[in-house]
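**Student:** Structure here, sequence nowhere to be found:
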C-alpha cells in the first residue's frame, strides 16, 4: 500500500499542473504523444492525457532511445517543471519511458495534424475519445452531470434510480422497445398457462423505459421531492440531429406544488444556476467545444428573464406569421422546431408555453378546473434546440384520473397513489443531451453522447 500511495502522489494530471505545481517541482506525467519536434540537442514532445484540450510540452535530451519516440505512442516522463518562453509550463524530463506504441501507420483512422469531420469520426466510436473535440465534450458532460447532482442534493431532492425495464409507456405514444430473452429454450422452460410464450419470463409485456416519471411519482408520495438522471429509450424512425434512440433524461418531481408558474420558476432558477456553475468549472472545455462548433460563447439567455405564454397566445403569434414558415401550422400537432425557434426569437428570451390543449398531452397532466379542454402543462423553448423541457402539474384527483379515457388499464397502482394519502405534485423532464447541445453549440446530438444509438446504427 505504501508503494501505491507514493506512486499516486508523484503522478500528475496535465490539467492540474498549472494550479498545483510551481517551477522547480519534480513530477511524473503520462500521456499520448500528439506531436514531435526534433532539434539538434533536444526533442520536444506535445503530450495529452485526456484531462484537458491543452497540450503539455516535454523537453527531452536527444539520444538513441528518445529518437524512437513518435506521435501516437504512450510515454511516462519524470522531470522538473519549468516555464517555457511562451509563459506556459513545460517539463524538462530526466527520464522518459515508452509505455505503448502508437502504430499510426498501421490503420489508425485519424491523422494527428488533420481536423476530421464529425461524420467521419463517428465511424470510429471506439477511438474517438482521442479526438480533442470529443474528449472536451465528454468532460463537459461529466461535469454537467455532477453539478446537477450537487444542485439537487443542496435542494434536498432524493435521487431515485428508476428502472430501465417497465410495463408502462409513460408518454402513451407507443414508441417503445420490447424486451424479452433471446433464448427460446429459456422461454419454453419458463412457460406458464395462459401466458404467451414470448412473455413467459415476466408473465407480461415489458419495455425499455421512455421516462422515469411515473416511478418518481411513486417515490415522491413517500419521500418528498425526487429526481433521476437515467437512460431513456424511444423507438422512433427519426434521424434528426436532435433525436436519439437511447438518451439521458433528467427528471424531477416536486411535491405540494399547485401552480404551474411556480414549477416554471424553479426550472428557470435551476437551469441558470447549474449553467453558471458549469461555466466556472469547465470554462476552457466549453470554449473549446463552442469554438470547434463555430458557435457563439455568449449564452445571452442566462442574462434575461424568461417569458411565459399561454398555448393560445403562442399559437396566435405563430398563425400571424405563418407565411414565414416552411412547416405547416397545425393546431392539432403542436409546434414544429422552426416555429419553436421563432417564438424564442419573437420573445427575445427562452419561453415557457403554458396550459396546453388536453388532446396534445398525456393522461397524467392535471386538467384545468376552469376549462376541461386544457391541462396545466408547459414546454420550455430555448435558442438553437427548441423544446428543452416538458412538464406539468399531475392530476391529483383519483376519480378524475380513473375516468380518463387514455389511462392505461395496468396503472391501478398509479391511481392508488392519489387514493392513499395523495398530495399535489408537479414535475418536468429535460433531455440531457439537448442541454449539452444548447451549451456547446454542437449541431448533431450524436456528438455529445459517448456511444450514440439511432435508426440503423448501434455500434459496439
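**Tutor:** Perfect, I can see it now. Small disclaimer: the values here were computed from a predicted structure and weren't measured.

**Student:** Give me the sheet partners of the strand or helix carrying residue 90 and which way each runs.
**Tutor:** According to DSSP states H and E, residue 90 maps onto strand 89-100. Using DSSP bridges, strand 89-100 pairs in its sheet with strand 56-61 (parallel), strand 74-83 (antiparallel).

**Student:** how far is it from where the chain is centred?
**Tutor:** The chain centroid and the centroid of strand 89-100 are separated by 36 Å under Cα atoms, centre = their mean, to the nearest Å.

**Student:** list the buried ones in the very next helix or strand once past that strand?
**Tutor:** Toward the C-terminus, strand 89-100 is succeeded by helix 118-121 as the next helix or strand (DSSP H and E). In terms of neighbour count (16 or more other Cβ atoms under 10 Å), helix 118-121 has its buried residues at 118, 121. Backbone N, C-alpha and C define where each C-beta goes, glycine included.

**Student:** Not counting helix 118-121 itself, show me its contacts.
**Tutor:** Residues outside helix 118-121 that contact it (Cβ atoms under 8 Å, 6 or more residues apart in numbering): 109-110, 128, 131, 133-134, 444, 446-447.

**Student:** just checking, which of these belong to helices?
**Tutor:** Among the contacts of helix 118-121, DSSP state H puts 133-134 in helices.

**Student:** Could you look up the SS state of residue 389?
**Tutor:** Of the three states, residue 389 takes strand according to DSSP: H, G, I helix; E, B strand; the rest coil.

**Student:** Contact partners for it?
**Tutor:** Taking Cβ under 8 Å, 6+ apart as the test, what residue 389 contacts is 267, 378-380, 428-431.

**Student:** Just the residues you listed: which are in strands?
**Tutor:** When DSSP state E is applied, the contacts of residue 389 are split such that 378-380, 428-431 fall in strands.

**Student:** Closest one to residue 245 out of these, please.
**Tutor:** For the ones in strands among the contacts of residue 389, the residue nearest residue 245 by Cβ to Cβ is residue 431; the value is 12.9 Å.

**Student:** does that closest one really touch residue 243, like I thought?
**Tutor:** No. Shown here, residue 431 and residue 243 do not form a contact pair, counting by Cβ atoms under 8 Å, at 9.1 Å.

**Student:** nearest to residue 70, of the ones in strands among the contacts of residue 389?
**Tutor:** Of these, the one sitting nearest to residue 70 (Cβ to Cβ) turns out to be residue 431, at 42.1 Å.

**Student:** Any idea what that closest one is bridged to?
**Tutor:** With DSSP bridges as the criterion, residue 431 is bridged to residue 249.

**Student:** which sections of this protein are below the confidence cut-off?
**Tutor:** 1-10, 170-174 (pLDDT under 70).

**Student:** three-state assignment of residue 19?
**Tutor:** Per three-state DSSP, residue 19 ends up helix.

**Student:** if I look at it, how far off is residue 69?
**Tutor:** 28 Å (Cβ to Cβ, to the nearest Å).

**Student:** Among the two, which residue is more densely surrounded?
**Tutor:** residue 69 (19 against 6; other Cβ atoms under 10 Å).

**Student:** thought the more buried one was touching residue 37?
**Tutor:** No. Applying Cβ under 8 Å, one finds residue 69 not in contact with residue 37, separated by 11.2 Å.

**Student:** joint contacts of the two?
**Tutor:** In contact with both residue 69 and residue 37: residue 43, using Cβ under 8 Å, 6+ apart.

**Student:** can you map out the helices along the stretch 251-400 of the chain?
**Tutor:** In the stretch 251-400 of the chain, the helices defined using DSSP state H, counting those that start in this stretch lie at 260-281, 283-292, 311-320, 337-347, 398-402.

**Student:** same question, the stretch 101-250 of the chain
**Tutor:** Under DSSP H, counting those that start in this stretch, the stretch 101-250 of the chain gives helices at 118-121, 132-154, 184-189, 213-223.

**Student:** can those helices go into TSV with extra columns for distance to residue 357?
**Tutor:** Formatted as TSV, these follow (distance: least, Cβ to Cβ, whole Å):
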stretch	distance to residue 357
helix 118-121	38
helix 132-154	31
helix 184-189	43
helix 213-223	20
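
**Student:** So which of the ones you listed is the most surrounded?
**Tutor:** helix 213-223 (a mean of 20; mean count of other Cβ atoms under 10 Å).

**Student:** packing partners for it?
**Tutor:** Here helix 213-223 touches strand 226-233, strand 246-255, helix 412-419, strand 425-431, going by 3 or more Cβ pairs under 8 Å, 6 or more residues apart in numbering; DSSP states H and E.

**Student:** quick one: it to strand 246-255, angle?
**Tutor:** Counting by axes from the mean of the first three to the mean of the last three Cα atoms, to 10 degrees, helix 213-223 lies at 30 degrees to strand 246-255.

**Student:** from the chain's centre, how far out does helix 213-223 sit?
**Tutor:** That offset, for helix 213-223, works out to 23 Å (Cα atoms, centre = their mean).

**Student:** ditto for stretch 95-105
**Tutor:** On the basis of Cα atoms, centre = their mean, stretch 95-105 is displaced by 34 Å from the centre of the chain it belongs to.

**Student:** re earlier: ok, residue 431 and residue 243, which is more surrounded?
**Tutor:** Per other Cβ under 10 Å, whichever of residue 431 and residue 243 has more neighbours is residue 431, with 23 against 18.
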